[in-house]
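Asks: everything below, folded, please.
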Amino acid sequence: MRSETPLYTALTGFAARQPLRLHMPGHKGRPLPGLPGFPTEIDFTELPPTGDLYQRGGPVEEAEKLWAELWEADCCLFLTGGSTQGIHTALRCAAPGGRLVLADRVSHRSIHTGLALLGCPVAWMERDALPNDSALGPLTPARVEQALARWPRARAVVVTSPTYYGVLSDIPAIARVCHRHGAALVVDGAHGAHLPLLGENPYRGADFTVVSAHKTLRAPGQTALLFANGRTLDELQAASMLFATSSPSYVMMAALDALRPWYQGEGAVRYRAAAEQVAALRRDYPALTAADCPLDPCRLTLCVPDGEGLNRGLMERGIYPEMADRSHVVSILTEADGADVFARFQAALDALGLRGQARPDGPVPTLPPLPEQVCPPRAALLAPTESVPWEASAGRVAAEQLAPYPPGVPVVAPGERISKKVLAYLEEMGYNKECISVLQETP
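Replies: Purely as a prediction, here's the structure:
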């Protein structure tokens, strides 16, 4: 295990020399009024002793190299703009010049905005629903193979793994398919930063993998990591500068550096213990399990007749899950949740009558066919728009995603035509907005 923390050590060592700070940031290393706990002493700017996120050499790059070594990747770029910054950077590298991108229909809005910013046309890959559940299953290698055969000009494939419900896709197998067709694989692993701590790295073979450290590790909000294979750090830096702030937070980068050794040791042990606790919850309560499909071992997706009602019951007991919809309640459990947290959570579930309850078994609404794509994402997201009443939106071109939970997939994406069939499905799912943003004029 590599226990070095080059960036954190450089920052604390430089601060201990009590330099005269005639530079940004304005607090000059002194406590923030009203927020004395913020570590201002290591909140520097780009200086010779502190390094520069967008220049080679120095303690920042040394810290990134240690993360790349842990991940078994060629290089790593620290991100202080969340996974959104990483997705945009990866797309810029994988699909230069506005090339065609094949994208998982289960996509975060950062995929849509990245495609728009880069002017990339998109073709969507759909998933099959899980039997007897409205959540969607994995994106299969066979589905990716079919898509690449249909769109041979595509040079980038984007896959989300895990999904918001914790569903994992077989990334190594998908990577082999992509590489046979000469396409780069970009994985939105925003919710999977912890997965390599639980065993073998599930992202092997991907050309680009983006993970949000702040989602499942003990890292500050907006901290994320971009790992790449077959690319250089110079390429990542140049691409990221198009989207990122020129003043990245040294506190956030130092946190990424400082937490890595802990997760190589005690943190990994604690994460495996948390995964065992989640496995026990899945046995005792109605939830998605590994028998349904490959799952994030630390995400609990409860399957109930009234997810929103269960969520209210939990919140009344001071417990706040990550997300709830009509038939699911999703909770993110990490190594930071000790035995007391699991005990309190179980007690609440027992009080609400969930122990031993069977999963609901009823008809699952079928997603409508993919809508007509009238214009690419860039045209849809940058064009003049207007807001129209729900009932007047049929036939118009959407300027926003319409994505009910479940299944957490855009039924309509920006640039696609809203049909009466789509509106009927959305109403059946209880997703009935008062107004919808549409293009003022159809291209």
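Asks: beyond the helix of greatest length in the chain, next helix or strand please.
Replies: Scanning the chain for the helix with the most residues, using DSSP state H, yields helix 266-284. Next in sequence after helix 266-284, counting helices and strands by DSSP states H and E, comes strand 299-303.
Asks: quick one: contacts of that next one?
Replies: 133, 135, 162, 165-166, 191, 278, 281-282, 285-288, 295, 310, 327-333, 354, 359-360 (Cβ atoms under 8 Å, 6 or more residues apart in numbering). For every residue, glycine as well, the C-beta is placed using N, CA and C.
Asks: average pLDDT for it?
Replies: The average pLDDT within strand 299-303 is 96.
Asks: and the angle for it with helix 266-284?
Replies: 10 degrees (axes from the mean of the first three to the mean of the last three Cα atoms, to 10 degrees).
Asks: tell me the first helix or strand C-terminal of strand 299-303.
Replies: Later in the chain than strand 299-303, the nearest helix or strand by DSSP H and E is helix 307-316.
Asks: by contact count, what packs against that next one?
Replies: Helices and strands touching helix 307-316, as assessed by 3 or more Cβ pairs under 8 Å, 6 or more residues apart in numbering; DSSP states H and E, comprise strand 323-324, strand 328-332.
Asks: mind checking these for the one nearest to Thr5?
Replies: Set against Thr5 and scored by Cβ to Cβ, these come closest in strand 328-332, at 26.3 Å.
Asks: that closest one packs against which elements?
Replies: Identification of packing neighbours for strand 328-332 by 3+ Cβ pairs under 8 Å, 6+ apart yields strand 299-303, helix 307-316, strand 323-324.
Asks: which one of those lies nearest to Gly37?
Replies: Proximity of these to Gly37 was assessed by Cβ to Cβ; the nearest stretch is helix 307-316, lying at 27.4 Å.
Asks: buried sites along that closest one?
Replies: Gly307, Leu310, Asn311, Gly313, Leu314 (16 or more other Cβ atoms under 10 Å).
Asks: got it, and stretch 92-110?
Replies: For stretch 92-110, the neighbour count (16+ other Cβ under 10 Å) marks 92-95, 99-110 as buried.
Asks: ok, of those residues, which one's closest to Thr9?
Replies: Distance to Thr9 across the buried residues of stretch 92-110 (Cβ to Cβ) is lowest for Cys93, with 30.4 Å.
Asks: which SSE is immediately downstream of the strand or helix carrying the closest one?
Replies: Element membership for Cys93, per DSSP H and E: helix 82-94. Per DSSP H and E, the first helix or strand lying C-terminal to helix 82-94 is strand 101-104.
Asks: that next one pairs with which strands, and in what direction?
Replies: strand 122-125 (parallel), strand 156-160 (parallel) (DSSP bridges).
Asks: quick one, which of these is packed in tightest?
Replies: Mean neighbour count (mean count of other Cβ atoms under 10 Å) peaks for strand 156-160 among the strands paired with strand 101-104, with a mean of 26.
Asks: returning to what we had before: relative to Leu35, which of the helices and strands packed on helix 307-316 is closest?
Replies: Counting by Cβ to Cβ, Leu35 lies closest to strand 328-332 out of the helices and strands packed on helix 307-316; the figure is 26.2 Å.
Asks: between helix 307-316 and that closest one, find me the angle.
Replies: Going by the same axes, to 10 degrees, strand 328-332 makes 40 degrees with helix 307-316.
Asks: mind checking the pLDDT average for strand 328-332?
Replies: For strand 328-332, mean pLDDT is 95.
Asks: what comes into contact with whatever helix or strand comes next after it?
Replies: Following strand 328-332 in sequence order, the next helix or strand is helix 339-351 (DSSP H and E). Helix 339-351 has contacts (Cβ under 8 Å, 6+ apart) with Gln277, Leu281, Asp284, Tyr285, Gly313, Leu314, Arg317, Ile319, Ser331, Leu333, Arg355.
Asks: how far off centre is helix 339-351?
Replies: 27 Å (Cα atoms, centre = their mean, to the nearest Å).
Asks: before we move on, the earlier item: the contacts of helix 339-351: which two are farthest apart?
Replies: Spatial extent of the contacts of helix 339-351 (Cβ to Cβ) is set by the pair Gln277 and Gly313 at 21.2 Å.
Asks: list the contacts of the closest residue to Arg326 other than its chain neighbours.
Replies: Closest residue to Arg326 apart from its sequence neighbours, by Cβ to Cβ, 6 or more residues apart in numbering: Gly307 at 5.6 Å. When contacts are counted by Cβ under 8 Å, 6+ apart, Gly307 touches Ala324, Asp325, Arg326, Ser327, His328, Val329.
Asks: any idea how far the third one lies from Gly430?
Replies: Think Arg326. For Arg326, the distance to Gly430 (Cβ to Cβ, to the nearest Å) stands at 6 Å.
Asks: more neighbours, those two?
Replies: Neighbour count, other Cβ atoms under 10 Å: between Arg326 and Gly430, Arg326 has more, with 17 against 11.
Asks: so the more buried one makes contact with Glu428?
Replies: No: the criterion here is Cβ atoms under 8 Å, and Arg326 misses it with Glu428 at 10.6 Å.
Asks: any low-confidence regions in the stretch 51-200 of the chain?
Replies: Residue ranges of the stretch 51-200 of the chain with pLDDT under 70: none are present.
Asks: where along it do the helices fall?
Replies: With DSSP state H, counting those that start in this stretch as the criterion, the stretch 51-200 of the chain has helices at 58-71, 82-94, 109-118, 141-150, 171-180.
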